[in-house]
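**Q** Predicted model follows, preceded by the sequence.
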Amino acid sequence: MSKTIITTMNKLAAGVAVGVTSMALGYSATATAAETEWSGFVENATYYRDEVGISKFRNTAQGEFSKSVESDSWSNVSINGTLRATYDGVYDLNDDEFGKNATEAYLGENWHPRGGSTTTIPGPNTTLLSAGVPFPCDNDPTLCNNLDGYMDQDESEAKFPEFNDELDFIRELYISADKQLSNGDLLNITLGKQQVVWGKTDLFRVLDVINPVDYSRHNIYDELEDIRIPQWMLTAEWRMGPNEVFDDSNLSMMWNFDKFRPSNLGTCGQSYRILDAGCFFSSYINVADLGIPLYSANVPIIHDVEEYKWSLKNTQLGAKWEGVYGDTTFSLNALHYRQQLPSLHFRPHALDPTLPAVDGVFDIKFPRVNLVGGSIDYYSMAMDAVWRLEMAYTQGEELPRDTDGHKETDMLRYVVGFDKNIVIPALGTGSAFLLSTQLFGEHIQDHEADMPNAQDNWIATMLFKGWYINNRLSPQVIIAHDFGADATVVAPSIDYLIDDSWKVNLALNVKRGGDEQFGWSVAGTETYEPLARFTNGPIGVANAEDEIQLTVRYSF
């Protein structure tokens with residue numbers, strides 16, 4: 001099915017869905033809708049990377065609207081939307097470093113020294129892997145075709161990321177309505193393009209995995225609200241209120257009926273590509289140049305990306321039960337979805353299964369995953385603080401390994417969080433400072449020695465934020481440390497609210513560590529690619545991306 005037809009079907013489905021819902025909610029034909037309420041902002045974010053130059057010149061315009069509509073049988077009926085348009089001028093202002101004409105001497109140049117797998121073609125010292133081709137759909141038809149449907153953006157799509165076949169300029173567009181039930185309970189129905197948020201974590205996700213994420217916007221460092229990829233979904237929430245046991249409780253169901261989309265890791269040539277995966281996917285294994293007799297040409301790393309056409313069986317379902325008991329808020333969660341990160345499936349040569357196939361080393365797949373988990377938030381009156389625990393156990397995930405690209409394994413992920421407001425008069429303000437710490441843990445149930453990921457790993461984060469001048473000046477610092485990669489990021493920033501409309505943010509983003517390398521054996525050759533990038537994690541792989549950042553926003 002062509003992209004044009006898919007886009008048209010998405011538009012048609014959205015229109016039909018809203019129309020059907022309107023009839024189902026029983027809108028009065030003579031009802032008068034309230035005035036549409038608008039708000040929004042325009043913003044420029046300019047980032048400068050050490051030894052590279054401008055790494056972001058993002059210009060954003062975003063508008064949000066809400067329109068109430070009267071109904072004969074439903075209450076609080078509203079149509080809500082968020083529209084966003086972005087132009088990133090870095091590809092025009094710094095096209096030597098980023099864009100379709102960007103060049104790198106070898107794969108991974110941006111984060112580690114030349115190693116055994118990196119290429120010096122042309123020349124006598126040909127090695128295993130070539131440098132990634134920036135924006136393959138501008139430069140290499142073979143790679144573009146192999147990556148069709150995933151990591152195949154061209155430069156113009158990177159400049160204007162919301163204007164694509166998926167209509168990503170529509171950040172949200174949904175209709176919401178409440179129905180009072182006969183027993184006093186309340187039923188809320190929401191239909192449309194939306195973000196459904198489970199959990200309360202920052203930077204990294206445990207339960208909050210319903211929407212895929214666009215890491216090409218700014219790696220892990222932008223707010224999740226800004227980098228989640230909205231999906232067309234139907235949600236129903238049954239708000240049961242208090243009973244003999246709980247102070248409050250509700251049950252919610254989620255049906256993601258959108259066509260499956262994975263997380264965007266960033267195409268080679270973009271200024272942000274998490275784990276540098278985009279350049280690895282657009283590289284070649286230089287078997288022909290190495291003189292291996294079975295090959296007459298070098299082999300693309302990726303042969304094909306498996307496409308999951310829309311069907312009912314490919315939709316995704318979830319349910320969550322929340323309750324309040326005294327000072328404790330809890331949830332129980334279950335979700336059936338597809339893994340949003342790529343799984344690499346090795347393709348053996350027809351004559352020698354230890355060597356890769358002649359037309360591509362790996363296929364990319366996104367397996368089905370079942371998740372069960374829950375969360376507990378406990379407010380300690382004695383400490384005047386909140387303790388948070390969030391946990392998720394998954395079945396069906398596939399992780400990278402050395403021998404054949406992947407292995408299916410159960411996974412346990414969890415986070416322990418602590419949030420407290422602290423008054424520190426010595427820091428010159430009577431306003432309380434916010435201290436928020438998190439410890440993320442990951443356990444691989446069926447671990448193998450040739451996996452780049454350790455069986456157990458932890459990432460710690462800390463946020464310390466204060467307010468001055470009647471809350472108009474707000475300094476903060478965020479620190480994250482990946483214990484497995486021995487990599488740290490420190491991100492101090494300061495917000496200044498000039499008036500009700502203008503706000504300025506000045507920030508630094510500094511990384512250290514991430515020097516670990518992981519050997520990968522292909523045809524008997526020890527290399528340092530590609531699995532080192534998994535060992536180094538998202539912080540370590542970005543260890544050469546120190547930046548100073550200035551953001552100016554005008555809100556209306």
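**A** Yep, that arrived.
**Q** Can you classify F280 by secondary structure?
**A** helix (DSSP: H, G, I helix; E, B strand; the rest coil).
**Q** Phi and psi next, for the nearest residue to it once chain neighbours are set aside.
**A** In space, and not counting its chain neighbours, F280 is closest to P530: 4.7 Å by CB to CB, 6 or more residues apart in numbering. Using the backbone N, CA and C atoms, a C-beta is placed for each residue, glycine as well. Backbone geometry at P530, expressed as degrees, to the nearest 10, gives phi -100, psi 0.
**Q** what's the residue closest to the geometric middle of the protein?
**A** Nearest to the geometric centre of the chain sits V213, at 2.3 Å (CA atoms, centre = their mean).
**Q** does that residue really touch I229, like I thought?
**A** Yes: between V213 and I229 there is a contact at 6.6 Å, judged by CB atoms under 8 Å.
**Q** Mutual contacts of the two, please.
**A** 263-264 (CB atoms under 8 Å, 6 or more residues apart in numbering).
**Q** what's the neighbour count on Y528?
**A** Residues lying near Y528 (other CB atoms under 10 Å) number 24.
**Q** check contacts around it.
**A** Per CB under 8 Å, 6+ apart, neighbours of Y528: 108, 112, 115-118, 517-520.
**Q** Just give me the least confident of the residues you listed.
**A** Lowest pLDDT within these is found at W520 (63).
**Q** residues in contact with R401?
**A** 407, 448, 450-452.
**Q** Now the buried members of these.
**A** 407, 450-452 (16 or more other CB atoms under 10 Å).
**Q** so I364 sits right up against D304, yeah?
**A** Yes: counting by CB under 8 Å, D304 is a contact partner of I364 at 7.3 Å.
**Q** how much space between Y414 and D214?
**A** 25 Å (CB to CB, to the nearest Å).
**Q** mind checking the SS state of H447?
**A** Assignment for H447 (three-state DSSP): coil.
**Q** Give me the neighbour count for it.
**A** Neighbour tally, H447, other CB under 10 Å: 16.
**Q** Pull the contacting residues for it.
**A** H447 touches 409, 453, 455, counting by CB under 8 Å, 6+ apart.
**Q** Now it. Its backbone dihedrals?
**A** According to degrees, to the nearest 10, H447 has phi -80, psi 150.
**Q** circling back to that earlier point, which pair of the contacts of R401 spans the longest distance?
**A** K407 and P452 (11.6 Å; CB to CB).
**Q** Run through the strands of the stretch 301-450 of the chain in chain order.
**A** Counting by DSSP state E, counting those that start in this stretch, the stretch 301-450 of the chain has strands at residues 302-305, 316-325, 328-338, 343-346, 362-365, 368-380, 385-395, 398-399, 407-408, 411-422, 433-444.
**Q** Please name whichever of these is nearest to G269.
**A** Going by CB to CB, the one of the strands of the stretch 301-450 of the chain nearest G269 is strand 302-305, 15.8 Å.
**Q** Quick check: bridge partners of W232?
**A** Beta-bridge partners recorded for W232 (DSSP bridges): K193.
**Q** how much space between it and W74?
**A** 21 Å.
**Q** other SSEs contacting the host helix or strand of G63?
**A** Assigned by DSSP states H and E, G63 belongs to strand 53-68. With contacts taken as 3 or more CB pairs under 8 Å, 6 or more residues apart in numbering; DSSP states H and E, strand 53-68 sits against strand 37-49, strand 75-88, helix 90-93.
**Q** could you give the angle of it to strand 37-49?
**A** 170 degrees (axes from the mean of the first three to the mean of the last three CA atoms, to 10 degrees).
**Q** circling back to that earlier point, take the strands of the stretch 301-450 of the chain and lay them out in TSV including distance to W38 and mean pLDDT.
**A** Formatted as TSV, these follow (distance: least, CB to CB, whole Å; pLDDT from 0 to 100):
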stretch	distance to W38	mean pLDDT
strand 302-305	39	96
strand 316-325	32	97
strand 328-338	33	97
strand 343-346	43	94
strand 362-365	41	96
strand 368-380	34	97
strand 385-395	35	97
strand 398-399	44	95
strand 407-408	48	94
strand 411-422	33	97
strand 433-444	31	97
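**Q** So for F204, which of those strands sits nearest?
**A** Going by CB to CB, the one of the strands of the stretch 301-450 of the chain nearest F204 is strand 433-444, 5.2 Å.
**Q** if we can go back for a sec, hmm, the residue nearest to F280 is touching C279, no?
**A** No: the criterion here is CB under 8 Å, and P530 misses it with C279 at 9.6 Å.
**Q** any common contacting residues for those two?
**A** In contact with both P530 and C279: L107, using CB under 8 Å, 6+ apart.
**Q** re earlier: nearest approach to I79 belongs to which of the strands of the stretch 301-450 of the chain?
**A** Of the strands of the stretch 301-450 of the chain, nearest to I79 by CB to CB is strand 316-325, at 23.9 Å.
**Q** for the residue nearest to the residue nearest to the centre of the chain when sequence neighbours are not counted, what are its contacts?
**A** Among residues not flanking V213 along the chain, S263 sits closest, at 4.7 Å (CB to CB, 6+ apart). By CB under 8 Å, 6+ apart, the residues touching S263 are 212-215, 229, 340-341.
**Q** one more time with 7 Å
**A** By CB atoms under 7 Å, 6 or more residues apart in numbering, the contact set of S263 is 212-213, 215, 340-341.
**Q** Only whichever of these are buried, select them in PyMOL.
**A** To isolate the buried ones among the contacts of S263 in PyMOL, judged by 16+ other CB under 10 Å, type:
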select buried, resi 212+213+215+340+341
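**Q** Among the contacts of S263, which lie within helices?
**A** Within those, no residue falls in helices by DSSP state H.
**Q** List the residues that contact the nearest residue to K420 once chain neighbours are set aside.
**A** For K420, ignoring the flanking residues on the chain, the nearest one in space by CB to CB, 6+ apart is A385 at 3.8 Å. By CB under 7 Å, 6+ apart, the contact list for A385 reads 418-420.
**Q** Throw those residues into TSV and include distance to G184 and neighbour count, thanks.
**A** Formatted as TSV, these follow (distance: CB to CB, whole Å; neighbours: other CB atoms under 10 Å):
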residue	distance to G184	neighbour count
F418	37	16
D419	33	17
K420	37	16
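**Q** of those residues, closest to S176?
**A** Nearest member of these to S176, counting by CB to CB, is D419, at 28.8 Å.
**Q** on that earlier part again, assess the claim that the residue nearest to F280 and F281 are in contact.
**A** No: when contacts are counted by CB atoms under 7 Å, P530 is not listed as touching F281 (9.2 Å).
**Q** And for stretch 352-364, what's in contact with it?
**A** 146, 150, 285, 294-295, 299-306, 342, 344-349, 405, 523.
**Q** follow-up on the earlier one: would you convert the contacts of H447 into CSV that also reports pLDDT?
**A** As requested, the contacts of H447 are arranged in CSV below (pLDDT from 0 to 100):
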residue, pLDDT
T409, 97
N453, 87
Q455, 95
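**Q** Any of those buried? List them.
**A** Judged by 16+ other CB under 10 Å, buried ones among these: 409, 453.
**Q** Now, the contacts of H447 that are in helices?
**A** Using DSSP H, none of the contacts of H447 sit in helices.
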